[in-house]
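In: Turn this into a structure:
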Amino acid sequence: MKKGVKNRTPDSYRRRSYRSLASEEELVSTFFKLKETDLHILAARDVTEEAAELATRYRLQIENYLSGHPDFGSSLTPLEPDELAPPVVGRMLQAARKCGVGPMAAVAGGIAEFVGRGLLDAGYKELIVENGGDIYLNRSAELTVSVYAGQSPLSNRLGLNILPAQMPLGICTSSGTVGHSLSFGLADSVTVLADSAFLADAAATRLGNEVGSAGKSGKGIEQALEVSKSIPLLRGVLIICGEKIGAVGEIELTPLSGDR
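Out: Residues are numbered from 1 along each chain as shown. Coordinates of the predicted model:
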């Protein structure tokens, strides 16, 4: 079950340097990895057992669906809704249609959200669930999420301020220069905020592709931000290309000092 094709990536990316996410005070880190699913969870206590059960459940649902619907894994364009699909697959199909991409563009954010929602239902109210850089979070305190943008001089120098009123929230990032996911874009990072991490993930892929179609320039950023206005329910978009930056919506940036 792959979202794209694997490229060479910088060591800093493989070390998950962007995982210095946000205020971790009073929260305990849990790590769980299953094939491409690579979770870092911050919660009130270690949740390895719960995370393993939830992640395995949703991966199996996706893998079982893939076995009977191979187009679900290979399509780069939206597929028709399927009322018989399991909920995680249905949400991927829905997000893909809203963004004009293939359904696997929503897989990492979708698993992060469903694992997070499962933990919320189990009583863990303070949560950060990150899956390979895509995040679902629910906190009662303001926090800052650092932005990793590959070789851009702005990488790890800017943070997103997130308020309690904005949560629960999905924050997902696509890159044409970093990472293993399939992208036709040229942006160092396209970060999307949405109530749904499924939607944020799919939208980040679509907007990253839009930057690429116009070239790595201010025009590419402008085109992607304009397209973002046509995707319903997005909360905010931040795009970084080299030294250039563009944003719309609920984006409040703060400078970060030193390495994150």
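In: Got the phi and psi for Glu250?
Out: Dihedral pair for Glu250: phi -80, psi 60, per degrees, to the nearest 10.
In: Distance check, it against Leu238.
Out: Remark: distance between Glu250 and Leu238 (C-beta to C-beta, to the nearest Å) = 10 Å. All C-beta atoms are positioned from the backbone trio N, CA, C, and that covers glycine.
In: list residues touching both of these two?
Out: Shared contacts of Glu250 and Leu238 (C-beta atoms under 8 Å, 6 or more residues apart in numbering): none.
In: neighbour count winner among these two?
Out: Neighbours of Glu250 and Leu238, each counted by other C-beta atoms under 10 Å, are more numerous for Leu238; the result is 23 against 17.
In: The helix or strand hosting the more buried one - which strands sit beside it in the sheet, and in what orientation?
Out: Under the criterion of DSSP states H and E, Leu238 resides in strand 234-241. In the sheet, strand 234-241 lines up against strand 189-194 (antiparallel), strand 244-249 (antiparallel) (DSSP bridges).
In: can you list the ones you listed in a markdown table and add mean pLDDT and mean neighbour count?
Out: A markdown table is the format used below for those (pLDDT from 0 to 100; neighbours: other C-beta atoms under 10 Å):
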| stretch | mean pLDDT | mean neighbour count |
| --- | --- | --- |
| strand 189-194 | 96 | 29 |
| strand 244-249 | 95 | 18 |
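In: and those strands as TSV, adding distance to Ser230?
Out: TSV is the format used below for the strands paired with strand 234-241 (distance: least, C-beta to C-beta, whole Å):
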stretch	distance to Ser230
strand 189-194	14
strand 244-249	12
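In: how much space is there between Thr205 and Met92?
Out: To Met92, Thr205 is 12 Å away according to C-beta to C-beta.
In: Name the residue in the two with the higher neighbour count.
Out: With neighbours defined as other C-beta under 10 Å, Thr205 and Met92 compare such that Thr205 has more, 31 against 28.
In: Please give the element, helix or strand, for the more buried one.
Out: Element membership for Thr205 (DSSP H and E) is helix 197-214.
In: Packing partners of that helix?
Out: In terms of contacts (3 or more C-beta pairs under 8 Å, 6 or more residues apart in numbering; DSSP states H and E), helix 197-214 is packed against helix 87-99, helix 107-121, strand 134-138, strand 169-174, strand 189-194, helix 218-228, strand 234-241.
In: Point out where the stretch 1-150 of the chain drops to low pLDDT.
Out: Regions of the stretch 1-150 of the chain meeting the criterion pLDDT under 70 cover residues 1-25.
In: before we move on, the earlier item: of all the helices and strands packed on helix 197-214, which one is nearest Arg59?
Out: Smallest distance to Arg59 across those (C-beta to C-beta): 7.0 Å, for helix 107-121.
In: got the end-to-end distance for stretch 114-131?
Out: The first residue of stretch 114-131 is 11 Å away from its last residue (C-alpha to C-alpha, to the nearest Å).
In: Brilliant, that's me finished.
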